[in-house]
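A.B. asks: with the sequence up front, the predicted model follows.
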Amino acid sequence: MKKYSSDKDINKLVGSLCKIGWQYMNRKKHGALITPHGKKLTVPSSPSDRRAFKNFSNDIRTIICMERNYV
C-alpha cells in the first residue's frame with residue numbers, strides 16, 4: 001500500500017478513495033486528491049493537529065455532498 005500520509009487513518013481513507021475512482025497527485029509539499037469530477041483537495045501529509053483526520057474527512061464529506069447536488 002502506498003503511503004499518502006503519516007497518519008494511519010488519513011492513509012486508509014485516501015487509499016479507499018483511490019480504489020473508487022479518485023486520483024492522488026504528488027505535489028511539492030503535500031499531495032492532492034482529485035475527485036472524479038476534477039475538484040482538488042489537499043492531503044495533510046504529516047498532520048500535527050489531533051483533529052486533522054476529522055477535519056479532512058469532513059472536507060471530503062462536503063465535497064461528496066456538493067457533487068451529488070450538481071450531478
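C.D. replies: Looks like it arrived, so ask away. Numbers count the residues shown, from 1 in each chain.
A.B. asks: now do the biggest helix by length in the chain, average pLDDT.
C.D. replies: The residue-count maximum for a helix in the chain (DSSP state H) belongs to helix 52-70. On average, the pLDDT along helix 52-70 is 91.
A.B. asks: list the buried residues for that helix?
C.D. replies: For helix 52-70, the buried set under the neighbour-count rule, 16 or more other CB atoms under 10 Å, comprises 52-53, 56, 60, 63. No exception for glycine: its C-beta is placed from N, CA and C like everyone else's.
A.B. asks: residue boundaries of the helices in this structure?
C.D. replies: Under DSSP H, the chain gives helices at 8-19, 52-70.
A.B. asks: out of those, flag the one nearest residue 40.
C.D. replies: Checking the helices of the chain against residue 40 by CB to CB gives helix 52-70 as the closest, at 9.6 Å.
A.B. asks: next, format the buried residues of helix 52-70 as CSV and append distance to residue 8.
C.D. replies: Listed next are these as CSV, based on distance: CB to CB, whole Å:
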residue, distance to residue 8
52, 12
53, 9
56, 13
60, 16
63, 22
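A.B. asks: residues near residue 40, how many?
C.D. replies: Neighbours of residue 40 under the rule other CB atoms under 10 Å: 12.
A.B. asks: wait, it touches residue 27, no?
C.D. replies: No - Residue 40 is beyond contact range of residue 27, at 9.6 Å (criterion: CB atoms under 8 Å).
A.B. asks: overlap in contacts, those two.
C.D. replies: Common contact partners of residue 40 and residue 27 (CB atoms under 8 Å, 6 or more residues apart in numbering): none.
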